[in-house]
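Asker: got a sequence here, can you model it:
(one chain, ligands or ions: 2)
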Amino acid sequence: MRMVDIIEKKRDGLELTKEEISFAIEGYTRGEIPDYQMSAFAMAIYFNDMTTEERVHLTKTMVESGDQVDLSDIAGIKVDKHSTGGVGDTTTLILAPLVASVGVPVAKMSGRGLGHTGGTIDKLESVEGFNVELDGKTFNNLVNKNKIAVVGQSGNLTPADKKLYGLRDVTATVDSIPLIASSIMSKKIASGADAIVLDVKTGSGAFMKDLEGAKELAHAMVQIGNGAGRETIAVISDMNQPLGFAVGNALEVKEAIDTLKGYGPADLEELCLTLGSRMVYLGKQAETIEEAREKLEEAIRSGSAIETFKTFLAAQGGDASVVDDSSRLPTASYTFEVEAKEDGVVAEIIADEIGIAASLLGAGRLTKESEIDLAVGLVLNKKIGDQVSKGDSLVTIHSNREDVDEVVDKISHSYTISEKKVEKRPLIYDVIYE
Ligand code: URA
Ligand code: CA
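Answerer: Ligands and ions are numbered 1, 2, ... in the order given. Next comes the predicted model:
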């Protein structure tokens with residue numbers, strides 16, 4: 001087989017065989033196929049797309065390019081969750097203990113990430129003593145015992161994706177549905193879950209800005225998951241404004257605790273119940289999605305959700321008393337209010353700008369090596385559709401620096417206040433099953 005013939009076939013819009021896809025991906029991972037041929041191949045896929053069968057095989061080949069996590073020692077159906085990323089997205093911190101509290105085993109591998117705030121692992125490290133490095137046996141035992149454990153990523157998962165994603169980044173081939181879908185799903189499948197719930201964000205703060213694109217990506221990922229033998233459901237949710245109120249690391253942990261206790265922000269709670277009920281259903285802890293949702297609501301009401309969170313923190317060495325005393329979390333030295341300059345209704349909040357403002361404070365990493373400040377971030381006091389009067393606080397800044405002029409400017413700029421009535425936007429646009 002020759003790589004040039006495979007590129008030519010895809011360039012001409014023909015369907016590739018499994019052998020051809022494997023030849024290209026395996027050869028590239030081993031370093032036998034050069035970057036320039038892989039670039040041309042990615043560009044041919046960008047223009048000519050892939051069939052569902054091609055996408056499934058591409059994903060499987062990337063899964064098999066490296067280590068695969070073996071969760072078979074853990075009893076029950078392991079359900080994982082993935083979000084395509086947004087601003088202030090605290091859902092994993094809530095969902096993991098929430099669904100575990102009704103019996104779904106959560107064996108979560110999570111990242112640190114280069115976003116506006118840290119990843120789930122960073123956020124959890126705002127709890128004093130919390131250990132994110134567990135060996136495989138300890139991890140499996142904890143999930144069997146408590147139904148929940150969370151560890152940082154380790155091992156050599158999907159090296160083919162790592163190499164290809166890096167190449168796509170510099171060859172204008174990231175924005176391709178088959179390539180994005182296979183990239184995301186290969187990492188999820190290699191992480192060992194039996195079933196997957198996806199949260200595909202759409203809106204100004206999301207990777208997929210428009211709803212049509214988000215739907216297309218959701219269908220593509222669901223088809224790959226199901227085609228690879230992992231039952232998959234995708235929820236399409238709004239990211240035209242940050243989720244919940246908090247954007248930051250310790251601030252989001254506090255928000256997660258509030259939500260697990262039943263007094264979190266309405267949008268964050270609703271999204272967690274929507275995603276969580278699908279996780280419980282796929283984990284076969286309920287016959288229907290409605291029954292799953294009732295179980296989750298009851299777990300919040302009865303306190304078993306927050307108890308599971310405490311048990312989870314303590315089991316990994318963390319100070320579980322943060323649950324009852326949030327002053328034990330890292331706290332910033334200063335707070336500042338960003339005030340509304342006029343009366344009206346909040347019509348728009350540019351989520352990306354809010355994210356950048358949080359990262360300017362030090363809540364996110366600018367490079368892989370940089371340290372993040374777990375205490376800093378933002379709390380939104382007004383969201384889209386809320387009435388404001390001149391002088392009201394739109395956002396509270398939690399900072400360890402006194403000079404926050406640039407941050408204030410970014411936040412002011414991200415808010416649009418209108419005189420007209422503003423419709424609240426839907427939070428959930430669609431749920432994709434096939
Ligand atoms: N995120 C990924 O992991 N892969 C992509 O291709 C795009 C976003
Ligand atoms: Ca939040």
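
Asker: the closest residue to ligand 2 within the stretch 151-300 of the chain: which element?
Answerer: In the stretch 151-300 of the chain, the residue that lies nearest ligand 2 is Gly244 (3.1 Å; CB to the ion). In this view, the C-beta of every residue, glycine as well, is placed from N, C-alpha and C. Assigned by DSSP states H and E, Gly244 falls within no helix or strand.

Asker: ok, it - contacts?
Answerer: For Gly244, the contact set (CB atoms under 8 Å, 6 or more residues apart in numbering) comprises Gly88, Thr90, Glu252, Glu255, Thr259, Gly264, Pro265, Asp267, Leu268.

Asker: narrow those residues to those that are buried.
Answerer: The neighbour count (16 or more other CB atoms under 10 Å) marks Gly88, Thr90, Glu252, Glu255, Thr259, Gly264, Pro265, Asp267, Leu268 as buried among the contacts of Gly244.

Asker: contacts only, for the closest residue in space to the second one that isn't next to it in sequence.
Answerer: Same thing as Thr90. Of all residues not flanking Thr90 in the chain, Glu252 sits nearest, at 4.3 Å (CB to CB, 6 or more residues apart in numbering). Counting by CB under 8 Å, 6+ apart, Glu252 touches Gly88, Thr90, Leu93, Thr117, Lys123, Gly244, Ala246, Gly377.

Asker: picking that back up, near ligand 2 too, which of the contacts of Gly244?
Answerer: By CB under 5 Å from the ion, the members of these lying near ligand 2 are Gly88, Thr90.

Asker: what is the nearest of the contacts of Gly244 to ligand 1?
Answerer: Nearest to ligand 1, judged by CB to the nearest ligand atom, of the contacts of Gly244 is Gly88 at 18.7 Å.

Asker: check whether the closest one really touches Ala256, as I assumed.
Answerer: No. In this structure, Gly88 is not within contact of Ala256 by CB atoms under 8 Å, at 11.2 Å.

Asker: so what's His219 closest to, chain neighbours aside?
Answerer: Ile432 (5.7 Å).

Asker: OK, contacts around the one you found?
Answerer: Ile432 neighbours (CB under 8 Å, 6+ apart): Val200, Lys215, Ala218, His219, Val222, Ile233, Ala234, Val235, Ile236.

Asker: hmm, the helix or strand where the first one lies touching ligand 1?
Answerer: Element membership for Val200, per DSSP H and E: strand 195-202. No. Using CB under 6 Å from any ligand atom, no contact is recorded between strand 195-202 and ligand 1, whose separation bottoms out at 11.2 Å.

Asker: tell me which other helices or strands that strand touches.
Answerer: Helices and strands touching strand 195-202, by 3 or more CB pairs under 8 Å, 6 or more residues apart in numbering; DSSP states H and E, are strand 79-83, helix 177-190, helix 211-227, strand 231-238, helix 266-282.

Asker: relative to strand 79-83, how tilted is the helix or strand that the shortest one is followed by?
Answerer: Toward the C-terminus, strand 79-83 is succeeded by helix 91-100 as the next helix or strand (DSSP H and E). For the pair helix 91-100 and strand 79-83, the angle between their directions (axes from the mean of the first three to the mean of the last three CA atoms, to 10 degrees) equals 160 degrees.

Asker: neighbours of the closest residue to Val104 other than its chain neighbours, just the number please.
Answerer: Of all residues not flanking Val104 in the chain, Gly283 sits nearest, at 3.7 Å (CB to CB, 6+ apart). By the criterion of other CB atoms under 10 Å, Gly283 has 24 neighbours.

Asker: list the contacts of Gly283.
Answerer: Gly283 makes contact with Gly76, Ile77, Lys78, Val79, Val99, Gly103, Val104, Pro105, Ala195, according to CB under 8 Å, 6+ apart.

Asker: Throw together a ChimeraX command that grabs the buried residues out of these.
Answerer: Applying 16+ other CB under 10 Å to the contacts of Gly283, the buried members can be selected in ChimeraX as follows:
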select :76,77,78,79,99,104,105,195
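
Asker: so who does the residue of the stretch 51-200 of the chain found nearest ligand 1 touch?
Answerer: Nearest residue of the stretch 51-200 of the chain to ligand 1 (CB to the nearest ligand atom) works out as Ser183 at 3.4 Å. Shown in contact with Ser183 (CB under 8 Å, 6+ apart): Met62, Asp161, Leu164, Tyr165.

Asker: can I get stretch 415-430 in PDB? Just the C-alpha atoms.
Answerer: Taking C-alpha atoms only, stretch 415-430 is exported to PDB below (Å, rounded to 0.1, in the frame of the first residue of the first chain):
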ATOM      1  CA  TYR A 415     -22.000  42.800  29.200                       C
ATOM      2  CA  THR A 416     -24.700  44.400  26.900                       C
ATOM      3  CA  ILE A 417     -27.500  46.100  28.800                       C
ATOM      4  CA  SER A 418     -30.600  46.800  26.800                       C
ATOM      5  CA  GLU A 419     -33.700  48.900  27.400                       C
ATOM      6  CA  LYS A 420     -35.900  46.400  25.600                       C
ATOM      7  CA  LYS A 421     -37.300  43.200  27.100                       C
ATOM      8  CA  VAL A 422     -35.000  40.300  26.700                       C
ATOM      9  CA  GLU A 423     -36.100  36.700  26.200                       C
ATOM     10  CA  LYS A 424     -34.300  34.100  28.400                       C
ATOM     11  CA  ARG A 425     -32.500  31.700  26.200                       C
ATOM     12  CA  PRO A 426     -33.100  27.900  26.200                       C
ATOM     13  CA  LEU A 427     -30.500  26.000  28.200                       C
ATOM     14  CA  ILE A 428     -31.100  22.600  26.500                       C
ATOM     15  CA  TYR A 429     -31.500  22.700  22.700                       C
ATOM     16  CA  ASP A 430     -31.700  19.000  21.900                       C
END
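
Asker: please name the nearest non-neighbouring residue to Gly129.
Answerer: Nearest to Gly129 is Gly317, by CB to CB, 6+ apart, at 4.6 Å.

Asker: lowest pLDDT pick from the buried ones among the contacts of Gly244?
Answerer: In terms of pLDDT, the lowest of the buried ones among the contacts of Gly244 is Gly88, showing 85.
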